[in-house]
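[1] Predicted model, plus sequence, below.
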Amino acid sequence: MRSGLLLATLPLRDVSMSQVIKGAAAGSAVVPLTDRVLRRDPFRATVQRRTCMWAERQEVEPGGRVVDSVIPWAGIVMKRTRKRAGRSMSLDLVTWESYWNRRIAGSRVFTQADRFVIMRQLATWAATQPDGVVMPHLAPTVAAGNLSGDLMDRTYDAALQKPILEAATQLGNAGDGFDWRLVPYRDTDANATFRVRLDLGYPRLGRVAPADLLWSDADNDTRAGQLLDYSLTEDGSAVDNVTTALGKGSGPTQLRSTISAAAVGRDEVGAYGYPVYEGTLGGSTSELETQDALDRHARGAMLAGLASEVRLSGIEVRGDLAPTLGRYLVGDDGTFRLASSTTGQPVTIVGQIIGRTIKPGQPGRTERVTMDVQGTVAA
C-alpha cells in the first residue's frame, strides 16, 4: 500500500466485489494454491493490512488478443484464510473507502469554504502517513480540481477522534448534499501505476438517464440488456410532502423553512390526491445558520424523500452482454423496463445506481452484476 509496487499477478476464483456511492464496501476471492501459483509467492503479495488488490477486467477476442481493459474494483486485503485440504487461500477485502474509517480527521476550521475543498482536505488526511509520505495510490485524490460553487462552514478537531469516513459521509449528506466516489484506474505514466481517483459531483455524479444503459426483462425487447432478477420496493414510510427544517436559534426567533412537494414539481396534495404528510428536520447545526442554507436543506430532504419511495434492489444482469460492465459506474443512471408479470402493467424505472456487486465469469457461471437503484417511475 505504501510503495505502490506490483508484487504479483494472481488467478482468482469465486470472486465477489461490491461498491457503493459515498461509502465503503467489501469483496472476497479465493487464490488456488497450485504449484504454478506458489512460484509467484502469493503469501508475500497478500499480507493483510499491508497489501492491496486491483481487479482488471479484460475482453479477449478468440486467439487471445485483448480488445478492452478496465479496472472495475480495488481494495485492501484485510483477512486471509489458508486451507490445506483444498489447497486454497481465501481473501477478505475492503474498498479504499474503508481505509478512511481507520484514519482520524485532523484539526482545521473552514469558514465559507467550497465543500469540494473541504472534501479534498479529508482525502489528504487519509492519504498522508504520519511521516509525511502520501500513499502513491491515493495521491491523485488530493489534487486540486473542480469546485461545487456551494460554500459552508466546518470545524474539525483531531482531539475528537472522528474517523475520516464519518466526516466525509456527514459532509456529503449535509444540506442538499453531493456525490463522491473513489474510482480505481491504471495511470498512463511510464510505469502504468495503479491509482485511485476521487470523483466529486454537485448535486450528483454520473450520467443522467443515458440511452445506452438500458435493461429489460421482456423477452422481445432486443434493444435492452438482459434483466435476470430484481426486487421492486415502493415504501412511503419515510416520505413527506410538506417538510419544515429548523435551523439556528430557538423559540420564535429560530430559523425555519417549509417546502411542499409541489415546489419540486410533484403536486401530490393537489393533482395526485394524496393527503398531507408533514415532517420536521430538527436541530441547529453549523451548516444551518442562514436562511439560504436552511432552504436548500429542506429542498434536498424533500427531493431525497421522494426519490427513496421507489427502489429496485437485487437487480441481476449479465455483465458480459451490452451494456457491459465497463460501460457504467456507481452514480450513473440506469433505465429498467419491467414486464407486466411483476408489476401488473409494463413499468419503466429510471434511477441512479447507488451500489453494485460484480461476480466475474468462471467455469459454470457467466459474469453477473447485482445492482441497487434509487429511482422513480418514468412518465
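    Right, received. Where do you want to start?

[2] and the lowest-mean-pLDDT helix or strand in the chain, what other elements does it pack with?
    Taking mean pLDDT, DSSP states H and E as the measure, the chain has helix 340-343 as its least confident helix or strand, at a mean of 72. Contacting helix 340-343 under the criterion 3 or more C-beta pairs under 8 Å, 6 or more residues apart in numbering; DSSP states H and E is no other helix or strand. From N, CA and C alone the C-beta is placed, and that goes for glycine too.

[3] Could you chop the protein up by domain?
    13-99, 101-201, 214-235+309-377, 242-307 (automatic domain parsing).

[4] As JSON lines, the ones you listed with distance to Gly4 and mean neighbour count would be great.
    Shown next, in JSON lines, are the domains of the chain (distance: least, C-beta to C-beta, whole Å; neighbours: other C-beta atoms under 10 Å):
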{"stretch": "domain 13-99", "distance to Gly4": "10", "mean neighbour count": "16"}
{"stretch": "domain 101-201", "distance to Gly4": "3", "mean neighbour count": "17"}
{"stretch": "domain 214-235+309-377", "distance to Gly4": "23", "mean neighbour count": "17"}
{"stretch": "domain 242-307", "distance to Gly4": "37", "mean neighbour count": "16"}
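
[5] okay, those domains in TSV with distance to Val208 next?
    Converted to TSV, the domains of the chain look like this (distance: least, C-beta to C-beta, whole Å):
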stretch	distance to Val208
domain 13-99	14
domain 101-201	11
domain 214-235+309-377	5
domain 242-307	13
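
[6] quick one: which of those is nearest Arg2?
    domain 101-201 (5.8 Å; C-beta to C-beta).

[7] and that closest one, how far out from the chain's middle?
    Mean C-alpha position of domain 101-201 versus that of the full chain (C-alpha atoms, centre = their mean, to the nearest Å) differs by 15 Å.

[8] again, but for stretch 275-284
    Taking the mean of its C-alpha atoms, stretch 275-284 sits 28 Å from the chain's own mean (C-alpha atoms, centre = their mean).

[9] Report the rounded mean pLDDT for that stretch.
    Mean per-residue pLDDT for stretch 275-284: 83.

[10] can you list the residues that contact it?
    Under the criterion C-beta atoms under 8 Å, 6 or more residues apart in numbering, residues 236, 239-250, 254, 269, 297-298, 301, 305 lie in contact with stretch 275-284.

[11] can you give me the helices for the stretch 201-350 of the chain?
    For the stretch 201-350 of the chain, helices defined by DSSP state H, counting those that start in this stretch occupy the ranges 291-307, 340-343.

[12] Mind checking those for the one nearest to Met152?
    With C-beta to C-beta, the closest approach to Met152 among the helices of the stretch 201-350 of the chain belongs to helix 291-307: 7.3 Å.

[13] which intervals of the stretch 101-250 of the chain have sub-threshold pLDDT?
    Scanning the stretch 101-250 of the chain for pLDDT under 70 picks out 175, 190, 192.

[14] Kindly recompute the last result at 50.
    Flagging of the stretch 101-250 of the chain using pLDDT under 50 yields an empty set of residue ranges.

[15] same thing with the stretch 251-379 of the chain?
    Counting by pLDDT under 50, the ranges of the stretch 251-379 of the chain that qualify are 284, 379.

[16] again, 80 this time
    Low-confidence segments of the stretch 251-379 of the chain, defined by pLDDT under 80: 282-290, 292-293, 296-297, 300, 304, 307, 310, 340-344, 375-379.

[17] mind giving me JSON lines with the helices of the stretch 201-350 of the chain and columns for distance to Val70?
    JSON lines is the format used below for the helices of the stretch 201-350 of the chain (distance: least, C-beta to C-beta, whole Å):
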{"stretch": "helix 291-307", "distance to Val70": "29"}
{"stretch": "helix 340-343", "distance to Val70": "32"}
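
[18] Specify the stretch among the ones you listed that is closest to Asp372.
    Within the helices of the stretch 201-350 of the chain, the stretch nearest Asp372 is helix 291-307; the backing value is 13.0 Å (C-beta to C-beta).

[19] Remind me what the closest one packs against, helices and strands.
    On a contact count with 3+ C-beta pairs under 8 Å, 6+ apart, helix 291-307 meets strand 242-246, strand 256-260, strand 278-281, strand 368-377.

[20] For this structure, identify the residue most remote from the centre.
    No residue in the chain sits farther from the centre than Pro252, which is 40.5 Å out by C-alpha atoms, centre = their mean.

[21] Distance from the chain centre to stretch 291-309, please.
    From the chain centre to the centre of stretch 291-309 is a distance of 20 Å (C-alpha atoms, centre = their mean).

[22] Nearest to Ser3, out of the domains of the chain?
    Of all the domains of the chain, domain 101-201 sits nearest to Ser3, with 7.5 Å by C-beta to C-beta.

[23] For Val347, see how far away the nearest residue to Pro346 once chain neighbours are set aside is.
    Leaving aside its chain neighbours, Pro346 sits nearest to Ser340 (5.4 Å; criterion: C-beta to C-beta, 6 or more residues apart in numbering). According to C-beta to C-beta, to the nearest Å, Ser340 and Val347 sit 8 Å apart.

[24] Report the contact partners of the residue farthest from the centre of the chain.
    By C-beta under 8 Å, 6+ apart, no residues touch Pro252.

[25] quick one, strands of the stretch 1-150 of the chain?
    13-20, 26-32, 52-60, 66-83, 88-95, 108-114 (DSSP state E, counting those that start in this stretch).

[26] want to throw these into TSV with distance to Leu182?
    What follows is these, written out as TSV (distance: least, C-beta to C-beta, whole Å):
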stretch	distance to Leu182
strand 13-20	9
strand 26-32	14
strand 52-60	12
strand 66-83	8
strand 88-95	7
strand 108-114	20
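
[27] Good, we can wrap up now.
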